[in-house]
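> Have a look at this fold, sequence not included:
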């Protein structure tokens, strides 16, 4: 049985290759035909989805065996001076789950784009980028070693840059694309350093070999008594996820990335690319597990990002920005889940979040489409009646993210919160619980204002075409049932887990508390924005400074700008001075000396043939004299010889 | 006539070398002092022939040995090489002179100074 499954798993390389072929085909052949380009792209990703589903079923049937023995296929890529790098595919529950999520959301988004991007001039380019992104993301998920992962990691970053700046004629889109690329590069630099450090220390980058090397090394070091370098490595590797998954303080790029087309935000900046960081931490968990300090740090950063972003989301008015801060907050959730040791919970939340956040982003896209590019929620209102499918599916998304049972978010969020408390992190549990309350509040606020609020006569919204609503319905379906997969064992760990599998009972008490927090949030939003028993304006009037700080996102962007303007520009000025007066001075000085001496020496080039011949002749005579009689005299001139040393 | 007895004649190696040196100095003087480019080429021929005399003389007086029944004639062969090379050199040299003359209507080397600074 297991053997047959391995034969199936060997075909996993097809999953990233298919979208890549589609990218090449669109870029070089079908570029001119819009219909053909989208067909090729969607067919490729749907085929990949089919393979991913069959692999997923295979993994589930293999049971626990596949966790101990992941199906790994490696092909040697380069081999120089002991550096052996493979390209390969690894199939275990973790990658199978990611494959399913990525291919599902990618295919939904591509189908949805048929409606959303209708009539766009860059249609073929859009589908080419989409295919390239899918290919890179799937290649990253399947990576068997850190270098392969890093290559695809940068490739998804590139696709993110291309797609954020897809409407490059808009200045804001261009700026946002650059900001996203540069900010994530800051983290990627740390990741690269971490990879180099790991290679230097262990001589391999293969996940399996690295894990083995680390555990033997830890046993040796335990005797010697220092694990400092493991902490440094883990910290450096974590720099990558810090940037990619938008954790504080490198979160600033994600809200700006909303300048891209909305389906792109749904795919890349909600469901897949931004969780790459979480995935990397999960993949390298053996490293982080060995370093409690870094795990603690991850938990702290994640929890802080969760509550920090959630509080900003309360005061935002742009529908996509609210969702973007919500994404940041949920990514923080996944991070601190990993930090507190809730490995399965984090992966579970990654999956459910991909479903409901992609759903809500696509819903937001549907709304924006209907509102003719208006994104402010206060300009909307009464969409519930005009757009029933979008409204209902969005409502499901709101319930799912608010943690209302039996929707997907409830199960995963509960697993994380229960683990946080039971593993002895009460502060993080409290932060997570409060974030859950905030999440429910701002998502309901968005929903009540945009869908339930009074109709605006100047708007003429209409339901979106089928190409857009069908993906919404499918994603809504997964947002409802996505959490139920954990039911048989009360725990997602039966599927994805690290180390020993322990079935945990459902903690209904804790679950009840988080449900109450979520319902409180929804209720508060209802009283403020529907009943209006408490007027939102009054709250703003009572705490004007708090509101201002929140609306301006804690002035983090301004702070970075201040740093750049004052500190970096100051340093740059000093370096400029150094460049002009010292570096250029040296270079120009050398040039000046050369020029001066050449000016003098060129007088000897008279152009007179006979002068040259004369000089040549007498030079020969002098050389002759030196060689014939000069031996003794030359020796006498040598100070070493007079000292009786070297002869 | 027995060739090995020739070394006993009063005309010795130094006499040949003296002639060679005189020819060489004449050539050198010509190269340095003559203004006509053709004369300079002729002077170079003089210097080459001075060398030829030395080759042959050295071969006769210093390197005078036999392998089986044949005399070793390395110097003579070298002199022949020099003559061949000199012929080629003169051919190239005169061709250049004609080319320059067509351009400048002159054979005076003092005027051939357009490769200076």
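Received the coordinates, thanks. Every value quoted in this text rests on a predicted model; they were computed, and no experiment measured them.
> contacting residues for residue A:528?
If a contact means CB atoms under 8 Å, 6 or more residues apart in numbering or on different chains, then residue A:528 has A:445, A:534, A:535, A:536, A:539 as its contacts. Just so you know, the C-beta spots here come from the backbone N, C-alpha and C atoms, and that holds for glycine as well.
> What is the nearest of these to residue A:511?
Distance to residue A:511 across the contacts of residue A:528 (CB to CB) is lowest for residue A:445, with 24.1 Å.
> Setting aside sequence neighbours, what's the nearest residue to that closest one?
Leaving aside its chain neighbours, residue A:445 sits nearest to residue A:525 (4.6 Å; criterion: CB to CB, 6 or more residues apart in numbering or on different chains).
> State the distance from that neighbour to residue A:555.
Separation of residue A:525 from residue A:555 (CB to CB, to the nearest Å): 26 Å.
> likewise residue B:64?
Taking CB to CB as the measure, residue B:64 and residue A:555 are separated by 105 Å.
> ok, back up a step: ok, and the most crowded of the contacts of residue A:528?
In terms of neighbour count, residue A:445 stands highest of the contacts of residue A:528 at 25 neighbours, by other CB atoms under 10 Å in any protein chain shown.
> That one falls within a helix, correct?
Yes - if the criterion is DSSP: H, G, I helix; E, B strand; the rest coil, then residue A:445 is within a helix.
> pretty sure it contacts residue A:316?
No - assessed by CB atoms under 8 Å, residue A:445 is found out of contact with residue A:316, at 9.8 Å.
> low-scoring stretches of chain B, by residue?
For chain B, residues meeting the criterion pLDDT under 70 lie at B:1-10, B:117.
> For chain A, what's its nearest residue on it.
When scored by CB to the nearest CB, chain B has residue B:116 as its residue closest to chain A, at 2.9 Å.
> Once you drop chain neighbours, what's closest to residue A:21?
residue A:44 (6.7 Å).
> hmm, back to that, neighbour count: residue A:525 and residue A:555, which is higher?
Applying other CB under 10 Å to residue A:525 and residue A:555 shows that residue A:525 carries more neighbours, namely 24 against 12.
> which ones are touching the more buried one?
Counting by CB under 8 Å, 6+ apart, residue A:525 has contacts A:440, A:441, A:442, A:444, A:445, A:447, A:448.
> Mind naming the longest helix for the chain?
Let's take chain A. helix A:171-202 (DSSP state H).
> Hmm, no, I was thinking of chain B.
Of all segments of type helix in chain B, defined using DSSP H, the longest is helix B:74-104.
> Check the offset of that helix from the chain's centre.
11 Å (CA atoms, centre = their mean, to the nearest Å).
> before we move on, back to that, of all the contacts of residue A:528, which two lie farthest apart?
Going by CB to CB, the pair spanning those furthest: A:445 and A:535, at 13.6 Å.
> picking that back up, mind listing what's buried in the longest helix of chain B?
Applying a neighbour-count criterion of 16 or more other CB atoms under 10 Å in any protein chain shown, one finds B:75, B:78, B:79, B:82, B:86, B:90, B:93, B:97, B:100 buried in helix B:74-104.
> The residue of chain B closest to chain A: what secondary structure?
Once three-state DSSP is applied, residue B:116 turns out coil.
> Please look at residue A:107 and residue A:49 and confirm they touch.
Yes - checked against CB under 8 Å, the pair residue A:107 and residue A:49 is within contact range at 5.0 Å.
> Would you check that residue A:70 makes contact with residue A:96?
No - counting by CB under 8 Å, residue A:70 stays clear of residue A:96, with 9.8 Å between them.
> out of those two, which sits in the busier spot?
residue A:96 (28 against 20).
> list the contacts for that one?
A:52, A:55, A:56, A:58, A:59.
> tally of neighbours for residue 39?
Looking at chain A here, since you left the chain open. So residue A:39, with other CB under 10 Å, has 16 neighbours.
> that's the other chain; I wanted chain B
Residues near residue B:39, counting by other CB under 10 Å: 15.
> How about residue A:395?
17.
> Helix or strand: which one has it?
helix A:388-402 (DSSP states H and E).
> ok, and for that helix, which residues are buried?
A:389-402.
> So which elements touch it?
Helix A:388-402 is packed against helix A:343-370, helix A:383-386, helix A:408-422, helix A:426-447, helix A:466-481, helix A:508-526, with contacts defined by 3 or more CB pairs under 8 Å, 6 or more residues apart in numbering or on different chains; DSSP states H and E.
> so which of these gets nearest residue A:66?
Closest of the helices and strands packed on helix A:388-402 to residue A:66 is helix A:343-370, at 14.9 Å (criterion: CB to CB).
> Spatially, what comes nearest to residue B:19 if we skip its sequence neighbours?
In space, residue B:19 is closest to residue B:53, 6.0 Å off (CB to CB, 6+ apart).
> Now for that neighbour, how many residues are close by?
19.
> Only the buried residues of the helix or strand containing it, if you could.
Using DSSP H and E, residue B:53 sits in helix B:37-61. For helix B:37-61, the neighbour count (16+ other CB under 10 Å) marks B:37, B:40-41, B:43-61 as buried.
> Please work out how many residues are found near residue A:307.
20.
> Next one: it from chain B, what distance?
78 Å (CB to the nearest CB, to the nearest Å).
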